[in-house]
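Undergrad: Predicted model and sequence follow; I will ask about them next.
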Amino acid sequence: MPGDAVGTEEEFIGGSGTYMEGEQIRASASGELNDKDRALSVSRRNMLASVKPGTIVLGRVENVVEPIALISVLPQQEGNIRFAMLPDNCVLHASRIKDGFVKNVRDELRIGDIVRAKIAEVRNGEIHVSTEGAEFGVIKAFCIKCRHALTLVGGSLSCPECGNKENRKLASDYRNVNI
């Protein structure tokens, strides 16, 4: 843990993830202690995943401005990899929502929906995502009238509270994902 004494200057050389305090070598990060060639270092267990094309992310639709949707990436962890919330919204263009023509983004996504997307490219500081493919799309949707979670009934979305029926670009495992 940060601040823990991991060795002394007489026995070891401080490496990455450590700092000196008097003669004590202390951890500057939480993680695993490594002793290689009498040099102590602390490596983090959960490294932040880098943002690169092909990375799968979960996000929330924050805004829809034709022809794009702005999506905020939610923090998540899979195994030993941790993906932090990104400081800026990702861009989902209508041409990358699904195979085929999308006339209105609002016909496929609504503000507040939780989506699984894949990072398609990082260009000019913007992260562009795609929901093309059966495994990508909305994994949890909310009614536009009463904001209750929509259920999938016979291939269409229905609100159990008000009976409103809606349409979305759904992922193949809609509502079967722990968020």
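TA: Ah, there it is.
Undergrad: gap between stretch 54-67 and the chain center?
TA: Centroid separation for stretch 54-67 versus its chain: 10 Å, with Cα atoms, centre = their mean, to the nearest Å.
Undergrad: Can you point out the buried residues in that stretch?
TA: Neighbour-count burial for stretch 54-67, counted by 16 or more other Cβ atoms under 10 Å, picks out 55, 57-61, 64. The C-beta positions use only the backbone N, C-alpha and C, and glycine is treated the same way.
Undergrad: Please, which helix or strand holds the most centrally placed residue in the chain?
TA: Nearest to the geometric centre of the chain sits Val57, at 3.9 Å (Cα atoms, centre = their mean). In the assignment (DSSP states H and E), Val57 maps to strand 56-65.
Undergrad: Likewise for Lys103?
TA: Using DSSP H and E, Lys103 is not contained in any helix or strand.
Undergrad: Which pLDDT does the model give it?
TA: You'll see Lys103 listed with a pLDDT of 93.
Undergrad: I'd say Val91 and Ile127 touch.
TA: Yes. In this structure, Val91 is within contact of Ile127 by Cβ atoms under 8 Å, at 7.0 Å.
Undergrad: Show me which of those two is the more surrounded one.
TA: Set side by side, Val91 and Ile127 show more neighbours around Ile127, with 23 against 17, by other Cβ atoms under 10 Å.
Undergrad: Mind pulling up the pLDDT for the more buried one?
TA: Note on Ile127: pLDDT of 90.
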